[in-house]
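S.K.: next input, structure requested:
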Amino acid sequence: LQALDLQIPLLVKAISRLLNTKTLKTKQYCFILLTHLLRAYPGALGDEIFHLTAGVSSAMNDRSLNTNVKIDTLTFLSGALCTHSPEKLHAYMDVLVPLIVRAVSEQFYKVAAEALTVTTSLIRVLRPVTSEQGNFDYSPYVDSIYEAIIGKLKATDIDQV
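M.R.: Numbering: from 1, shown residues only. Alright, predicted model coming up:
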């Protein structure tokens, strides 16, 4: 694992460069690779996750990207939120929460469904049950998350299971 730990900063640096390219498949496969890394080695990104926030933001905000890239980005976010300690992720909530909330409101149901899955992980990070909450103030995010979820539940033009 030590050898892998030494390679992760290099991998993240290379991936963050690739996320700035215009090629859709490149972005998509970067997020797929990161998702597989987190499944094989939970918490692997640790202190390196901040290098990826710009790429995540770019992928989620780019209207020209197809929905598969957004779904793979959300799958990566879910993995990152589930496998890293909340304390390491709290610093990125100002970036991540609006992206996830916007994705919940997406018209395409697969993106919205994946975003709702990510929201469950997001809530566990914002307000962890098993550990001390510390000084993190989650209250600025509650209203936007609530409104996005309620908006989706009140929608009458979508199928709900």
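
S.K.: which parts of the helix-or-strand element of the chain with minimal mean pLDDT are buried?
M.R.: In the chain, the helix or strand scored least confidently by mean pLDDT, DSSP states H and E is helix 86-89, which has a mean of 91. With burial defined by 16 or more other CB atoms under 10 Å, the residues of helix 86-89 counted as buried are Pro86, Lys88, Leu89. (Each C-beta comes from the backbone N, C-alpha and C, glycine too.)

S.K.: gap between the first one and Ser16?
M.R.: Right, Pro86. 23 Å (CB to CB, to the nearest Å).

S.K.: format the buried residues of helix 86-89 as TSV; extra columns: distance to Leu74.
M.R.: Output for these, formatted as TSV (distance: CB to CB, whole Å):
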residue	distance to Leu74
Pro86	19
Lys88	19
Leu89	15
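
S.K.: got a list of what Ile49 touches?
M.R.: The contact partners of Ile49, taken as CB atoms under 8 Å, 6 or more residues apart in numbering, are Ala80, His84, Lys88, Leu89, Tyr92.

S.K.: out of the residues you listed, flag the one nearest to Leu4.
M.R.: His84 (16.1 Å; CB to CB).

S.K.: OK, contacts around that closest one?
M.R.: With CB under 8 Å, 6+ apart, His84 has these contacts: Gly43, Leu45, Gly46, Ile49.

S.K.: mind giving me CSV with the residues you listed and columns for pLDDT?
M.R.: As requested, the contacts of His84 are exported to CSV (pLDDT from 0 to 100):
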residue, pLDDT
Gly43, 92
Leu45, 94
Gly46, 88
Ile49, 92
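
S.K.: so which of these is surrounded by the most neighbours?
M.R.: Leu45 (24 neighbours; other CB atoms under 10 Å).

S.K.: give me the phi and psi for that one.
M.R.: Backbone torsions of Leu45, given as degrees, to the nearest 10, read phi -80, psi -30.

S.K.: check Thr21 too.
M.R.: Residue torsions, per degrees, to the nearest 10, at Thr21 are phi -80, psi 170.

S.K.: brilliant, that's me finished.
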